[in-house]
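Asks: give me a model of this one.
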Amino acid sequence: MNKDRIDELLEQAREKHPAPASEFCSATEFKQMFFRRSRMQSAKARPLRRAIWGLAAASLLLIAGVAVQLASEEKRQAQEGEAADRLRQLVALFSPDSGIGMVNGEPVTFDRQNGRPTRMVELAVYDRNDRQVAILELAAGADDYFELTADRLKGAISLQRGPDRDQILEFSLALTLGNGETVKLRDIGVMKTGCNYTARDADYRIEKRLLNI
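Replies: You can find the predicted model right below:
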């Protein structure tokens, strides 16, 4: 078969199965259509990307919040342990029925009624500006009553056994602040060992805790 016959057959084949017509008249039109479709696909994908980024951001915030809470809890537990250890060591220096504690970091003694102390009564006092003005860490028995006669702290504290291993803490105190002002603080409430409680008297907030020593 010669070359002319081959060309003739190819031409007949093209006539039977013509190449599909292009939808673009020129290269410029092709570029315009290409970028238009790209923008349309990008616009459709944008809400999904925003949703994915939003979910990722929310997950990161949640993880960060949990980490902060865990760190705060670990710090609080460490501080509680240090305070209880400090008071336990101080109690060991005195006779079992002695009243001993710390007021603003300074040791104080007082009269108690009931045997060797097994609890630490902690009262942290804050003013209206959330500034700590006093902290009391006092050793007490599970059923105890004691009177405070220090220069800057006077009053009485009672600790009694309640139902379901609870404790009933009652106090009436006159606390002299660093500026010479004397504030009176009173409260009574049921508490569980190791838990935090809040009381309010006038413009002062009192954070209460009972710890084992």
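
Asks: for the rest of this, base every contact and every neighbour count on C-alpha atoms.
Replies: Noted.

Asks: what about this structure, any weak spots by pLDDT?
Replies: Along the chain, the parts satisfying pLDDT under 70 run over 1-35, 37-51, 53-54, 64-81.

Asks: need the strands for it, in chain order.
Replies: 99-103, 106-110, 119-126, 132-140, 144-149, 153-161, 167-176, 182-191, 196-201, 204-212 (DSSP state E).

Asks: distance to residue 62 and mean neighbour count added to the ones you listed, as a markdown table?
Replies: Shown next, in a markdown table, are the strands of the chain (distance: least, Cα to Cα, whole Å; neighbours: other Cα atoms under 10 Å):
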| stretch | distance to residue 62 | mean neighbour count |
| --- | --- | --- |
| strand 99-103 | 39 | 22 |
| strand 106-110 | 41 | 15 |
| strand 119-126 | 31 | 22 |
| strand 132-140 | 30 | 22 |
| strand 144-149 | 45 | 19 |
| strand 153-161 | 41 | 18 |
| strand 167-176 | 36 | 18 |
| strand 182-191 | 32 | 16 |
| strand 196-201 | 25 | 14 |
| strand 204-212 | 28 | 20 |
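
Asks: export the ones you listed to JSON lines and tack on distance to residue 56?
Replies: What follows is the strands of the chain, written out as JSON lines (distance: least, Cα to Cα, whole Å):
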{"stretch": "strand 99-103", "distance to residue 56": "48"}
{"stretch": "strand 106-110", "distance to residue 56": "50"}
{"stretch": "strand 119-126", "distance to residue 56": "39"}
{"stretch": "strand 132-140", "distance to residue 56": "39"}
{"stretch": "strand 144-149", "distance to residue 56": "55"}
{"stretch": "strand 153-161", "distance to residue 56": "50"}
{"stretch": "strand 167-176", "distance to residue 56": "46"}
{"stretch": "strand 182-191", "distance to residue 56": "41"}
{"stretch": "strand 196-201", "distance to residue 56": "35"}
{"stretch": "strand 204-212", "distance to residue 56": "38"}
